[in-house]
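Participant: Using only what follows, build the 3D model:
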Amino acid sequence: MPSKSSYFWRALLKAGVTKDKSIDVLREKIIKDTRPLKPPKDVQITSTKVAGIPGEWLTPTSLLARNKIMIYLHGGGYVVGSPATHRSLVARLAKSCSIRALSLDYRLAPEHPFPAALEDSLAVYHEITNHGIPPENIILAGDSAGAGLALATLISLRDNHRPLPKMALCISPWTDLALTGESIKTCADIDPYISYESLTLNAHYLGKPELNNDPRSPLISPLYADFTGLPPLLIHVGTDEVLLSDSTRLAEQANNAGVDVTLKIWDDMWHDFHMWAPYLPEANQAIEEISGFVRKHWNR
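Facilitator: A predicted model of the protein is given here:
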């Protein structure tokens, strides 16, 4: 049974849906939506730049492993969002996993279409691994478009014969910018947070037609990649979200490629529901399950 809190948040999010798809409006909306979400007081937040890319370190006071980190890539359809809008979620993940998290402010479209975001993610990963943090001590994580970007980063690293991180965490991943998933239609009226119309923001990430960026390119839509050789993946998704099919197809193809993949489908949950911790019990439970996955794979 869904929690009582979930009914409140579902109604609130549904009421806040806007048909205005202008970039400025959407960027302001995500700031407004996430303003009430505060990080735990026992997580220290420090602005930084890594490889010239701005971001912030989130360090729990209960830190157990200083030489292990999470690189986090925020969601927002590649056009909105920042470390500030996702600060509460990333701080809670860092605290639950008892590690430092580096949340990146990668470049956004339409000002910076593909491959700008991927270039930023790769630059930071290379900088981190070249200066003292071995790949086996790194988690790559993200939500929504950020999870898709994390997968694209893994694929690029593997294809270029670079060492891969220990594992990857994918919250409500957007893996198919060609928009072929069945749930885009079947969940269109029940996901209170995003809609099919919001997914058409993919045009901004693809850029101008003369760039000839194919939405089925594996580095744009990881669903179309070969997953052979990727590290363990954790995928969280809700039954009610328009990107459910992006997760289920990802898990199936990764499993077929021999990847150690764990798919958790949360009943009655919507896109990116983890964002609403600590007010949503299901989000709190999901974050705890993520920390369990992390500990399990680091203890192997």
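
Participant: For Gln44, name its beta-bridge partners.
Facilitator: Thr59 (DSSP bridges).

Participant: Any figure for the gap between it and Arg87?
Facilitator: Distance, Gln44 to Arg87, using Cβ to Cβ, to the nearest Å: 12 Å. In this view, the C-beta of every residue, glycine as well, is placed from N, C-alpha and C.

Participant: tell me, what's touching these two both at once?
Facilitator: Common contact partners of Gln44 and Arg87 (Cβ atoms under 8 Å, 6 or more residues apart in numbering): Leu58.

Participant: okay, the two: which has more neighbours?
Facilitator: Higher neighbour count among Gln44 and Arg87: Arg87, with 20 against 15, using other Cβ atoms under 10 Å.

Participant: List the residues that contact the closest residue to that one other than its chain neighbours.
Facilitator: In this structure, Arg87 finds its nearest non-sequential neighbour in Pro39, 5.2 Å apart by Cβ to Cβ, 6 or more residues apart in numbering. Counting by Cβ under 8 Å, 6+ apart, Pro39 makes contact with 45, 58, 87-88, 90-92.

Participant: hmm, try it at 10 Å
Facilitator: Going by Cβ atoms under 10 Å, 6 or more residues apart in numbering, Pro39 touches 45, 58, 86-92, 94-95.

Participant: just Asp268 next, same as before
Facilitator: Applying Cβ under 10 Å, 6+ apart, the residues contacting Asp268 are 1-3, 6-7, 10, 190, 238-240, 282.

Participant: Sitting in strands, which of those residues do you find?
Facilitator: Among those, DSSP state E puts Gly238 in strands.

Participant: would you turn the contacts of Asp268 into TSV with distance to Pro110?
Facilitator: Shown next, in TSV, are these (distance: Cβ to Cβ, whole Å):
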residue	distance to Pro110
Met1	42
Pro2	37
Ser3	38
Ser6	34
Tyr7	36
Arg10	30
Ile190	29
Gly238	28
Thr239	32
Asp240	29
Glu282	34
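
Participant: Select from the contacts of Asp268 the one having the most neighbours.
Facilitator: Per-residue neighbour counts (other Cβ under 10 Å) across those peak at Gly238, which has 27 neighbours.

Participant: where does the closest residue to it other than its chain neighbours land on pLDDT?
Facilitator: Nearest non-adjacent residue to Gly238, counting by Cβ to Cβ, 6+ apart: Met269, 3.1 Å away. On the pLDDT scale, Met269 is placed at 98.

Participant: swap in Leu64?
Facilitator: Confidence at Leu64, expressed as pLDDT, is 67.

Participant: gap between the least confident helix or strand in the chain by mean pLDDT and the chain center?
Facilitator: Across the helices and strands of the chain, mean confidence by mean pLDDT, DSSP states H and E is lowest for helix 196-199: a mean of 87. Taking the mean of its C-alpha atoms, helix 196-199 sits 17 Å from the chain's own mean (Cα atoms, centre = their mean, to the nearest Å).

Participant: And the very next helix or strand once past that helix, what does it pack against?
Facilitator: Downstream of helix 196-199, the first helix or strand assigned by DSSP states H and E is helix 202-206. Helices and strands touching helix 202-206, by 3 or more Cβ pairs under 10 Å, 6 or more residues apart in numbering; DSSP states H and E, are helix 145-159.

Participant: Can you spell out which helices and strands pack onto the helix it packs on?
Facilitator: Packing contacts for helix 145-159, counted by 3+ Cβ pairs under 10 Å, 6+ apart, involve strand 69-73, strand 100-104, helix 116-130, strand 138-143, strand 167-171, helix 202-206, strand 233-238, helix 244-256.

Participant: Now that helix - C-alpha only, CSV.
Facilitator: This file holds the C-alpha atoms of helix 145-159, laid out as CSV (Å, rounded to 0.1, in the frame of the first residue of the first chain):
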residue,chain,number,x,y,z
ALA,A,145,18.8,12.2,-17.6
GLY,A,146,21.8,12.1,-15.2
ALA,A,147,21.4,8.3,-15.0
GLY,A,148,21.4,8.1,-18.7
LEU,A,149,24.5,10.3,-18.8
ALA,A,150,26.2,8.0,-16.2
LEU,A,151,25.5,5.0,-18.5
ALA,A,152,26.9,6.9,-21.5
THR,A,153,30.0,7.7,-19.5
LEU,A,154,30.5,4.0,-18.7
ILE,A,155,30.0,3.1,-22.4
SER,A,156,32.5,5.7,-23.5
LEU,A,157,35.1,4.6,-20.9
ARG,A,158,34.8,1.0,-21.9
ASP,A,159,35.0,1.7,-25.6
